[in-house]
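Q: Just need the structure, nothing else, for what follows:
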Amino acid sequence: MCLAIPAKVKSIEGHEGDVEVGGISRKASFMLTPEVMVGDYVLLHTGYAISIVDETEAKETLKLLEELAQQGAVYS
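A: Next comes the predicted model:
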């Protein structure tokens with residue numbers, strides 16, 4: 001199973017930049033989403049922004065993932 005998580009775009013330099021998820025920043029590629037702008041939310045999969053998502057949807061998804069983590073939900 002593959003999982004893409006919402007991440008907020010913090011900076012862009014060329015086709016790469018920084019995104020933030022849960023207070024953690026990491027590098028991401030925007031090769032698949034060249035129209036992305038700072039402040040957008042993207043679905044991040046293996047370091048690639050695969051689509052731009054609505055902020056409300058992104059925040060709700062992050063909230064649900066946090067709730068699962070707090071309940072100790074583990075999938076293998």
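Q: how close does T56 sit to P6?
A: 11 Å (CB to CB, to the nearest Å). Backbone N, C-alpha and C define where each C-beta goes, glycine included.
Q: Pick out whichever of these two has more residues nearby.
A: Residue environment comparison for T56 versus P6 gives the larger neighbour count to P6, 20 against 9, counting by other CB atoms under 10 Å.
Q: Just give me the neighbour total for V42.
A: Using other CB under 10 Å, V42 has 25 other residues around it.
Q: Check which helix or strand it maps to.
A: Assigned by DSSP states H and E, V42 falls within strand 41-45.
Q: Can you name the element that comes right after that strand?
A: Along the chain past strand 41-45, the next helix or strand (assigned with DSSP H and E) turns out to be strand 48-53.
Q: Please write out the alpha-carbon positions of the very next helix or strand once past that next one in PDB.
A: With elements assigned by DSSP H and E, the helix or strand that comes after strand 48-53 is helix 55-70. Taking Å, rounded to 0.1, in the frame of the first residue of the first chain, the C-alpha atoms of helix 55-70 are listed here in PDB:
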ATOM      1  CA  GLU A  55      -6.100  23.500   2.400                       C
ATOM      2  CA  THR A  56      -9.300  22.400   4.300                       C
ATOM      3  CA  GLU A  57      -9.000  18.800   2.900                       C
ATOM      4  CA  ALA A  58      -5.300  18.700   3.800                       C
ATOM      5  CA  LYS A  59      -5.900  19.900   7.400                       C
ATOM      6  CA  GLU A  60      -8.700  17.400   7.900                       C
ATOM      7  CA  THR A  61      -6.500  14.500   6.500                       C
ATOM      8  CA  LEU A  62      -3.600  15.500   8.800                       C
ATOM      9  CA  LYS A  63      -6.000  15.600  11.800                       C
ATOM     10  CA  LEU A  64      -7.300  12.100  11.000                       C
ATOM     11  CA  LEU A  65      -3.700  10.800  10.600                       C
ATOM     12  CA  GLU A  66      -2.800  12.300  14.000                       C
ATOM     13  CA  GLU A  67      -5.800  10.700  15.600                       C
ATOM     14  CA  LEU A  68      -4.800   7.300  14.200                       C
ATOM     15  CA  ALA A  69      -1.300   7.800  15.500                       C
ATOM     16  CA  GLN A  70      -2.500   8.700  19.000                       C
END
